[in-house]
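A.B. asks: Quick one: sequence and predicted model below, then my questions.
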Amino acid sequence: MPYPSFARALFRPLRSAAPLLALLASPAWAQDDIDIDTISRLADIVRWGGVITSLFVVAGAWMLLRLLGRFVAAFGSEFSSRRLTLHKVSTIGQFVIYVATTLLVLLLSFRVDETTLAVIGGTVAVAVGFAMKDLVASFIAGVIVMLDRPFQVGDRVNFGGEYGDITAIGLRSVRMQTLDDNTVTIPNSKFLSDVTSSGNYGALDMQVVMDFHIAADQDIERAREIVNEAVLSSRYVFLAKPVVILVNQWVSDYLVGVRLRLKAYVLDTRFEKAFESDVNLRVLRAFQHEGILTPGQFRPAP
């Protein structure tokens, strides 16, 4: 399970503050009556001894996150039934560590009093707010995602054309591992306005839908029995939940047939595609053996 670098996540606001640094160096800043004395007062806000202590705090938090990640990876593979629960605990733990460490670093590194607030007020506050507005929006959205829980770590989710497993919920973004083994990073703010579809929502099992088409003049009852036998004999099926096979007419521009729609549950989301392949192979092999034709297929001449 991939984990973001804590130091990169914590000090990302420094990159977002580039417009502030450019503003400090621009002639427009000088025109706002900001003199050398004000800049020196800004420098006095920093507790240089606290900055050094903060480095040790960040290093300790990074080590704690690494230990937490290794613990979840080890026990998640050992106890599959508790895998999603461990991921949830890990996500909450990471969130608490991020917030607590950020606040501790700020308190150790800066002197916050009335004078400080007066110095960083006005133009500086506006510049900082503008530079960090996207980061703050993502942070607030991350808190909402954690509280509202439209999905959880370990869920198989469809979002923005991407489909895969949620591997991490951070302060700024959510990471998804697609079925093609690509890691997709999605800003938290995207989830406030777009629709998210979760296939399992905290459960290990998940419903899988498969369609099978046969010609209209074939033995529908026998085809339905074949599909039912194929899914019940699969080692990936979750038998604690019902298996449903819906039968209806299927019509295209040139063909008419019958569609058998299978709705069954896979015992673990990790085996979704293996489950589909297993059932399809069994059904297609049985259809061929029984001589059941698909729409548009002709029986070979004797």
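C.D. replies: On my side now, so go ahead. Numbers count the residues shown, from 1 in each chain.

A.B. asks: give me the low-pLDDT residue ranges for the stretch 101-250 of the chain?
C.D. replies: The stretch 101-250 of the chain contains residues with pLDDT under 70 at 112-136.

A.B. asks: hey, where'd the strands end up in it?
C.D. replies: Here the stretch 101-250 of the chain has its strands, by DSSP state E, counting those that start in this stretch, at 156-159, 162-169, 173-178, 183-187, 197-198, 206-215, 244-251.

A.B. asks: Go ahead and measure how far the fifth one is from the middle of the chain.
C.D. replies: So that's strand 197-198. 11 Å (CA atoms, centre = their mean, to the nearest Å).

A.B. asks: what comes into contact with that strand?
C.D. replies: Contacts of strand 197-198 with the rest of the structure, by CB atoms under 8 Å, 6 or more residues apart in numbering, involve 150-152, 155-159. Backbone N, C-alpha and C define where each C-beta goes, glycine included.

A.B. asks: Now for those: which two are most distant?
C.D. replies: Pairwise distances among these were taken by CB to CB; the largest, 14.7 Å, belongs to Gln152 and Asn158.

A.B. asks: These two: who's more crowded?
C.D. replies: Gln152 (21 against 14; other CB atoms under 10 Å).

A.B. asks: Quickly note the distance from that one to Leu171.
C.D. replies: Distance, Gln152 to Leu171, by CB to CB, to the nearest Å: 17 Å.

A.B. asks: likewise Leu106?
C.D. replies: 14 Å.

A.B. asks: So these two - more neighbours on which side?
C.D. replies: Counted by other CB under 10 Å, Leu106 and Leu171 do not tie: Leu171 has more neighbours, with 22 against 12.

A.B. asks: contacting residues for that one?
C.D. replies: 9, 95, 98-99, 138-139, 142, 188.

A.B. asks: do the same with Val244
C.D. replies: By CB under 8 Å, 6+ apart, the neighbours of Val244 are 262-264.

A.B. asks: and which of the contacts of strand 197-198 is nearest to Val51?
C.D. replies: The closest of the contacts of strand 197-198, once distances to Val51 are taken by CB to CB, is Gln152, at 36.7 Å.

A.B. asks: surely that closest one meets Tyr201?
C.D. replies: Yes: at 7.1 Å, Gln152 counts as touching Tyr201 under the criterion of CB atoms under 8 Å.

A.B. asks: circling back to that earlier point, give me the buried entries from the contacts of Val244.
C.D. replies: 262, 264 (16 or more other CB atoms under 10 Å).

A.B. asks: Same list (the contacts of Val244) but as a markdown table, adding pLDDT.
C.D. replies: Shown next, in a markdown table, are the contacts of Val244 (pLDDT from 0 to 100):
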| residue | pLDDT |
| --- | --- |
| Leu262 | 97 |
| Lys263 | 97 |
| Ala264 | 97 |
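
A.B. asks: okay if I get the contacts of Val244 as a markdown table plus secondary structure and distance to Ser252?
C.D. replies: As requested, these are exported to a markdown table (DSSP: H, G, I helix; E, B strand; the rest coil; distance: CB to CB, whole Å):
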| residue | secondary structure | distance to Ser252 |
| --- | --- | --- |
| Leu262 | strand | 20 |
| Lys263 | strand | 22 |
| Ala264 | strand | 25 |
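
A.B. asks: Between the contacts of Val244, which sits nearest Leu281?
C.D. replies: Leu262 (13.7 Å).

A.B. asks: got a list of what that closest one touches?
C.D. replies: 209-212, 227, 231, 243-245, 279.

A.B. asks: nearest residue to it other than its sequence neighbours?
C.D. replies: Take Leu262 and drop its neighbours on the chain: the residue closest to it by CB to CB, 6 or more residues apart in numbering is Met210, 4.5 Å away.

A.B. asks: what do you get for Thr185?
C.D. replies: Ser173 (5.0 Å).

A.B. asks: Number of residues surrounding the one you found?
C.D. replies: For Ser173, using other CB under 10 Å, the count is 20.

A.B. asks: Mind listing residues that contact stretch 208-218?
C.D. replies: 220, 223, 227, 249-250, 256-266, 272, 275-276, 279-280, 283, 287, 292-297.

A.B. asks: And the contacts of Leu171, which is closest to Asp165?
C.D. replies: When those are compared against Asp165 (criterion: CB to CB), the nearest one is Asn188, at 17.4 Å.
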